[in-house]
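Visitor: here are the coordinates; sequence isn't available:
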């Protein structure tokens with residue numbers, strides 16, 4: 001059996017709008033197609049990668065501030081979200097801890113984000129820091145040494161409060177998303193929680209679901225505690241919600257159970273990014289007769305399909321790659 005990663009296909013971005021309340025749960029209504037990071041590009045260059053990590057990979061703000069090049073596995077094109085950066089209530093002590101819900105996770109790394117990270121590190125080298133570790137994780141060690149990808153212009157750890165007040169909200173105002181603050185006011189920005197970093201995470205989730213990714217995968221990538229949170233917040237982004245089921249039932253009732261689709265040679269369909277192969281153990285009885293195989297897999301990013309081949313140089317037969325996966 002082979003699991004195949006096909007050439008990339010870019011989904012259409014569906015940035016979320018401000019949320020409302022329904023039965024006490026946050027909902028994010030779909031908005032018009034637009035560029036999802038106007039406020040991110042209004043930030044100083046040293047901080048623009050924070051927006052990229054939120055939009056391209058769904059990282060929370062504290063996870064973006066604690067992210068390191070060491071968390072990237074280019075061979076698998078994944079990012080490992082291992083920690084977040086937090087500060088004590090008095091604002092004096094920075095520390096690392098596990099991501100929210102005490103769960104590390106793995107997120108697919110797009111080629112576009114990898115390119116942005118490489119460009120960013122050419123201009124802003126990582127800064128290595130050693131900080132206390134709070135709570136579970138880190139193999140029980142009291143401190144953790146991390147090469148931080150994003151730091152302040154003075155190469156220090158980023159304080160979320162200062163970043164939001166001095167960088168994020170001025171960028172939102174420059175992008176026309178909130179009202180500008182009067183020049184004679186040190187504080188007084190209008191409420192803007194739904195325009196802050198979470199907006200980039202919501203954009204990531206809505207684009208993934210709109211492109212056809214399954215909610216369980218998005219749950220893992222977002223670091224949600226349960227799929228219920230994912231579905232309650234983003235179910236309306238699922239494409240053709242209900243339509244496929246209605247048409248499938250009509251076809252089944254009108255024509256009987258549909259015949260399996262004809263197999264295609266996957267290598268002849270499109271260039272393959274890479275393949276992973278596992279040997280199938282087949283029963284000895286029935287060899288030489290017509291056989292039917294049921295193949296299933298769980299995907300974690302990209303366009304995946306599965307296929308079978310009798311030998312290494314035989315065609316790689318699989319279902320229609322443009323159909324359901």
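Guide: Sure, I can see it. Just so it is clear, the model here is predicted, and its values are computed rather than measured.
Visitor: who's in contact with stretch 116-126?
Guide: Here stretch 116-126 makes contact (C-beta atoms under 8 Å, 6 or more residues apart in numbering) with 45-46, 48-49, 52, 56, 68-69, 72, 147-151. For glycine as for every other residue, the C-beta is placed from the backbone atoms N, C-alpha and C.
Visitor: next, the buried residues of it.
Guide: Going by neighbour count (16 or more other C-beta atoms under 10 Å), the buried part of stretch 116-126 is 116-117, 120, 124, 126.
Visitor: got CSV for the residues you listed, with distance to residue 215 too?
Guide: Formatted as CSV, these follow (distance: C-beta to C-beta, whole Å):
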residue, distance to residue 215
116, 27
117, 27
120, 31
124, 35
126, 34
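Visitor: which among these gets closest to residue 220?
Guide: Comparing these against residue 220 with C-beta to C-beta places residue 117 closest, at 21.2 Å.
Visitor: need the pLDDT of the nearest residue to residue 189 once chain neighbours are set aside.
Guide: Leaving aside its chain neighbours, residue 189 sits nearest to residue 169 (4.7 Å; criterion: C-beta to C-beta, 6 or more residues apart in numbering). Confidence at residue 169, expressed as pLDDT, is 88.
Visitor: got phi/psi on residue 169?
Guide: Per-residue torsions, residue 169: phi -70, psi -40 (degrees, to the nearest 10).
Visitor: and it, how far is that from residue 192?
Guide: Going from residue 169 to residue 192 by C-beta to C-beta, to the nearest Å gives 6 Å.
Visitor: narrow the contacts of stretch 116-126 to those in helices?
Guide: 48-49, 52, 56 (DSSP state H).
Visitor: what subset of those is buried?
Guide: 48-49, 52, 56.
Visitor: find the pair from those with maximum spatial separation.
Guide: 48 and 56 (11.9 Å).
Visitor: now do the contacts for the nearest residue to residue 132 once chain neighbours are set aside.
Guide: Closest residue in space to residue 132, ignoring its immediate chain neighbours: residue 95 at 4.4 Å, by C-beta to C-beta, 6+ apart. Applying C-beta under 8 Å, 6+ apart, we find residue 95 in contact with 85-88, 131-134.
Visitor: and what of residue 132?
Guide: 93, 95-96, 142-143.
Visitor: by neighbours, which of the residues you listed wins?
Guide: Top of these by neighbour number is residue 96, holding 24 neighbours under the definition other C-beta atoms under 10 Å.
Visitor: next one: that residue from residue 121, what distance?
Guide: 21 Å.
Visitor: which of the contacts of residue 132 sits closest to residue 233?
Guide: Nearest to residue 233 among the contacts of residue 132, with distances taken as C-beta to C-beta, is residue 96, at 27.3 Å.
Visitor: is it true that the closest one touches residue 136?
Guide: No: using C-beta atoms under 8 Å as the test, residue 96 is too far from residue 136 to be in contact (11.7 Å).
Visitor: thanks a lot, catch you later.
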